[in-house]
Each structure stands twice: as C-alpha cells, then as structure tokens.
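Student: Dropping the sequence and predicted coords here.
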Amino acid sequence: SGKLGITSGITLDGTINPDFSQVESDAFQVQVNQRFPVFFSEKRPFFMEGMGTFNTVHGNNMRTPVHTRRIVDPIWGSKLTGTAGKVTFGVLNALDDRPQNVGDRPGITDRNKLTTVGRATYALRRSDYIGAIVTDTEHAGRRNFVIGGDLSLRPSEAQSLAVMFLSSRTSLDGDVGANFRSPAEDNTSGAAAAATYSYETRRFWSTTQFEHYDRDFQMDTAFYSRTGFTNAWSFAEVNFYPKSTWLQRVHPFLFGKIGHDEIQGGGEDFVNTGIGFNFTRQGYFEIAHSRGNETWRGQHFKAGEDIHLFGRAQAVRWLNFYAGFNHGPSTYYDDVNPFQGKSDSVFLGVTVQPNQHITQSIEANTVRFYRADTGVRVYGVDIVNSRTSYQFDKHFLIRFLAQFDSSAKRVLTDLLASYELVPGT
C-alpha cells in the first residue's frame with residue numbers, strides 16, 4: 001500500500017494484493033430469524049480512510065451507498081480524494097478476486113469483479129451542498145450502473161432538509177443471462193428516493209421522512225435492507241429541563257410510521273411512544289411501548305414491544321455500563337410457514353479501565369423466541385463479545401478478543417500485537 005500527495009488538497013491512495021490479516025474479527029451478532037440483512041462495519045484501513053467523502057444523503061433503509069465490505073478480496077485498489085475550490089470529490093476503484101455472487105448465478109465464482117465509484121459535492125452557503133454519485137460494478141457479464149444526486153439545506157438554524165434520488169440499471173449479456181433468466185429479464189431498472197425534514201430547537205425536535213424503492217432497484221455497492229416499498233414516518237419529542245442537580249433533561253417522544261410493501265404484499269404500520277431521562281455522569285434511562293403490524297409472505301403479523309427499557313451511565317471514572325430489555329410480539333420469518341411469536345431480549349455491556357494501560361469490555365446479548373399460540377420456545381441465542389487491551393507504552397499494544405455464539409456453536413479468539421515505530425502513523 002502507498003499514499004501520494006498530488007497537491008496539498010488531493011491525495012492518491014493505492015494498494016496491490018493487500019494483507020488484511022491484522023484486522024480483528026467482527027463482533028458476533030444475533031443472526032437467527034432476521035428479516036433484514038445484518039450490517040458489519042468496515043475495519044480495513046485502506047477502505048476506512050477518507051470514506052466520508054463517498055457518503056450521501058440517504059433514508060433509514062439505506063445504511064450507506066458505498067459499503068466497501070462488498071469488495072471481499074481486492075487484487076488491487078485505488079482511491080483519489082480531495083478538494084478543489086468548493087468541490088470535494090472522490091474516485092474509488094477495486095478489482096475483487098472473490099466477489100459475492102449476486103443473483104445466484106452458477107459457475108462464476110472464479111471471475112473477478114471490477115468496482116468503480118465516483119462522488120462529488122459542491123458547497124453552497126454554510127453547510128449546504130449539492131452532490132452527485134455514480135457507481136458501476138461489472139462481474140461475469142453482469143453490470144450494475146447507478147447514478148444519483150443529493151441535496152442538503154439548512155433554511156434556518158432550526159430547520160434542515162435533505163433529499164436523495166438514485167436510478168439503477170442492471171444488465172446481463174446474452175450468454176450469462178440465458179443460463180438462468182429469460183431474455184426479457186436480462187435488463188432491469190429502478191429508482192430510489194428519500195426526503196427528510198427536521199426541525200430542532202432547545203425545546204422541541206421533530207423529523208419527518210419519506211422513502212420509496214422500486215422493486216427492481218439494485219445498487220451493488222450499497223448496504224440497504226429491502227426494495228419494493230413505500231413508507232413515511234415522523235418522530236417528535238419535547239424537552240424539559242428540571243432545576244435539579246442530578247436530573248438534566250426529561251423528553252417524552254412519539255414515533256409513527258405507515259407504509260406498503262409491494263414484495264411482501266401488504267401494508268405496515270408502527271407507533272412507538274415513551275419517555276427518556278438524562279442524568280449527570282452521562283446517565284440515561286428510557287422506557288417505551290410500541291405496537292404495529294407488518295406483512296410477510298402475504299400474511300399480517302403483530303410487531304412491536306410491550307415494554308422497552310434501556311439505561312446507561314458512567315458510574316465512576318473507570319466504569320461505564322449499559323443494559324436493556326425488550327418484550328413483545330414478533331414474527332418467525334419462514335418463507336413457507338411463518339407464524340406469530342413473542343420474544344424476550346436482554347443486552348448489556350460493561351467497560352472497565354482501572355488505569356491508562358488496561359481496558360476490558362464485555363458485551364452480552366440473549367434472545368428467546370416463543371410461539372404465540374402454544375408458548376413453546378422455538379429458539380434461544382446467546383452472544384458474548386469480550387475485548388481486552390493492554391497498552392504497554394505509546395508504541396506497543398496487545399489486544400485479545402474472545403467471542404461466543406450459541407446458535408452457531410462457535411467460539412472465536414483473536415490475539416493482536418502491534419508496535420508503531422512512529423505513533424499516530
């Protein structure tokens with residue numbers, strides 16, 4: 001890997017056959033009975049640095065338009081980022097040796113995938129900007145091309161408006177398409193759009209968002225939950241500031257959502273109401289109740305949480321913790337025989353740092369799912385992630401990870417020793 005400063009504002013990064021063996025493993029997450037894909041963040045240094053340039057305005061459905069974890073094993077990669085006047089830009093290229101097989105096409109796992117991303121923003125007044133993005137992926141005769149734009153405005157100190165639009169086209173050459181699709185399905189196109197308006201003052205905060213994704217929209221570089229839906233949601237809270245030495249803020253809130261899922265064949269609605277309390281020592285406590293309905297495989301199911309509890313605090317200088325509990329209706333997302341259930345989940349985390357050298361953190365999550373009609377337990381999952389770091393001095397660090405996933409019957413350990421000749425580089 002290498003870095004070249006072309007000018008004071010433009011940098012070129014490059015890598016050939018990079019070795020990411022020093023990157024620690026992902027923390028385990030609950031992956032049983034998930035309706036939407038589980039997100040794992042990027043940890044490889046080459047892809048992490050400067051990736052803020054490629055962010056765009058997006059709604060809740062899309063986590064990021066450029067999720068570089070889609071590039072599994074790069075043979076080479078290049079990244080050009082910089083600014084020129086009011087323009088900020090970035091261009092990312094990578095050739096992947098072990099790409100994901102989008103579309104479940106047979107016999108193409110040994111074919112490389114080329115990914116290209118271009119992004120630019122033009123600064124308006126203050127923090128306002130207008131931007132554009134282009135992505136292109138080519139793999140074994142399949143090409144996915146996406147072009148779009150976004151706009152972020154602050155009409156006043158209290159108001160903000162963000163808009164995004166994307167258009168995709170996915171095509172297959174005749175040979176590849178004929179293997180698993182009819183000729184009419186070799187080319188698909190779709191659009192996605194989101195608009196968000198927020199109003200925030202010291203007393204009041206509200207946000208309203210609209211999203212739409214065509215069922216044939218595809219963006220190979222992005223991480224998003226689903227397509228083929230339209231929904232709108234709104235959130236509002238009111239802040240009160242008691243004259244207290246330990247209670248800093250009280251804020252009741254209300255959230256509501258309504259939408260239609262074209263692929264699952266039905267509507268969805270959701271209402272969540274609760275109240276939060278902010279205390280000294282970074283303390284926070286929240287209690288909420290939610291109720292809603294969702295559609296899965298043409299059937300309607302109850303969703304929400306009868307009770308949601310969450311709290312966190314910096315108890316003392318060296319001890320930080322959080323914990324939560326959820327109980328309520330849930331769906332068993334089987335493609336053939338889905339059914340209504342109830343679930344309980346408990347999660348907690350503790351971080352201890354008794355001195356400047358050692359840091360110990362432990363996170364645990366447990367989920368139990370029961371059939372609603374019989375009360376019989378369908379599954380249980382226990383996740384534990386432990387992370388121990390010891391910093392001998394500013395140069396030398398040792399880190400040990402221990403992780404457990406009961407559903408996969410898996411234990412994973414990582415040991416990392418790092419010595420930095422020049423700290424901070």
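Tutor: On my side now, so go ahead. This is a predicted model, so every value here is computed, not measured.

Student: Flag the shaky bits of this structure, pLDDT-wise.
Tutor: Along the chain, segments meeting pLDDT under 70 span 101, 103-109, 174-186, 424-425.

Student: Isn't F339 up against Y370?
Tutor: No. Counting by CB atoms under 8 Å, F339 sits too far from Y370 to count as a contact (10.8 Å). Where you see a C-beta, it was placed from the backbone N, CA and C, and this is true even at glycine.

Student: any idea which residue sits dead centre in this structure?
Tutor: The centroid of the chain falls nearest to R63 when counting by CA atoms, centre = their mean (4.2 Å).

Student: That one sits in which helix or strand?
Tutor: Assigned by DSSP states H and E, R63 belongs to strand 62-64.

Student: Could you list every helix and strand in contact with that strand?
Tutor: Packing partners of strand 62-64 (3 or more CB pairs under 8 Å, 6 or more residues apart in numbering; DSSP states H and E): strand 223-224.

Student: outside of stretch 72-90, which residues touch it?
Tutor: Stretch 72-90 has contacts (CB atoms under 8 Å, 6 or more residues apart in numbering) with 6-7, 9-18, 46-47, 50, 53-54, 71, 91-100, 112, 117-123.

Student: Which of those residues fall in strands?
Tutor: Among the contacts of stretch 72-90, the residues falling in strands (DSSP state E) are 10-16, 91-96, 117-123.

Student: In ChimeraX, how would I select the buried members of these?
Tutor: Buried residues within these, by 16 or more other CB atoms under 10 Å, are selected in ChimeraX with:
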select :11,13,14,15,91,92,93,94,95,96,117,118,119,120,121
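
Student: Residue for residue, what is the longest strand the protein has?
Tutor: strand 299-316.

Student: Quick check, F229 in contact with D261.
Tutor: Yes. Between F229 and D261 a contact is recorded at 4.7 Å, counting by CB under 8 Å.

Student: any residues in contact with both of those two?
Tutor: With CB under 8 Å, 6+ apart, F229 and D261 have no common neighbours.

Student: For S8, give its distance to K86.
Tutor: Per CB to CB, to the nearest Å, S8 is found 16 Å from K86.

Student: Actually, A323.
Tutor: Taking CB to CB, one finds A323 at 47 Å from K86.

Student: One more: V32?
Tutor: In terms of CB to CB, V32 sits 48 Å off from K86.

Student: More neighbours: the two, which one.
Tutor: Using other CB atoms under 10 Å as the criterion, V32 and K86 rank with V32 on top: 14 against 10.

Student: Please name the residues that touch that one.
Tutor: Counting by CB under 8 Å, 6+ apart, V32 touches V367, Y379, V381, S407.

Student: Could you confirm it falls within a helix?
Tutor: No. V32 is assigned coil when assessed by DSSP: H, G, I helix; E, B strand; the rest coil, not a helix.

Student: Can you read off the backbone torsions of it?
Tutor: phi -80, psi 130 (degrees, to the nearest 10).

Student: same question, the one 10 residues further on
Tutor: Note on E42: backbone dihedrals following degrees, to the nearest 10 are phi -70, psi 140.

Student: my guess is it meets T68, correct?
Tutor: Yes. Using CB under 8 Å, E42 makes contact with T68 at a distance of 5.2 Å.

Student: Those two: which is more packed in?
Tutor: T68 (23 against 17).

Student: Quick check, that one in contact with F47.
Tutor: Yes. In this structure T68 lies within contact range of F47 using CB under 8 Å: 3.9 Å.

Student: Buried residues, stretch 356-366. List them.
Tutor: By neighbour count on 16+ other CB under 10 Å, the buried set for stretch 356-366 is T359, I362, E363, A364, N365, T366.

Student: JSON lines for the residues you listed, including distance to V411?
Tutor: Conversion of those to JSON lines gives the following (distance: CB to CB, whole Å):
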{"residue": "T359", "distance to V411": "22"}
{"residue": "I362", "distance to V411": "15"}
{"residue": "E363", "distance to V411": "15"}
{"residue": "A364", "distance to V411": "14"}
{"residue": "N365", "distance to V411": "16"}
{"residue": "T366", "distance to V411": "16"}
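
Student: Go through those residues and name the one nearest G266.
Tutor: The closest of the buried residues of stretch 356-366 to G266 turns out to be N365 (CB to CB; 30.0 Å).

Student: Can you classify the residue lying closest to A288 once chain neighbours are set aside as helix, strand or coil?
Tutor: Nearest residue to A288, sequence neighbours excluded (CB to CB, 6 or more residues apart in numbering): G274, at 2.7 Å. Assigned with three-state DSSP, G274 falls in the strand class.

Student: Could you check how far G274 is from F285?
Tutor: Relative to F285, and taking CB to CB, G274 is found at 11 Å.

Student: who's more crowded, the two?
Tutor: Shown here are G274 and F285; by other CB under 10 Å, G274 has more neighbours (20 against 14).

Student: I figured that one hits V250, correct?
Tutor: No. Here G274 lies out of contact with V250, judged by CB under 8 Å, at a distance of 11.7 Å.

Student: where along this protein do the helices fall?
Tutor: Applying DSSP state H to the chain gives helices spanning 45-48, 174-180.
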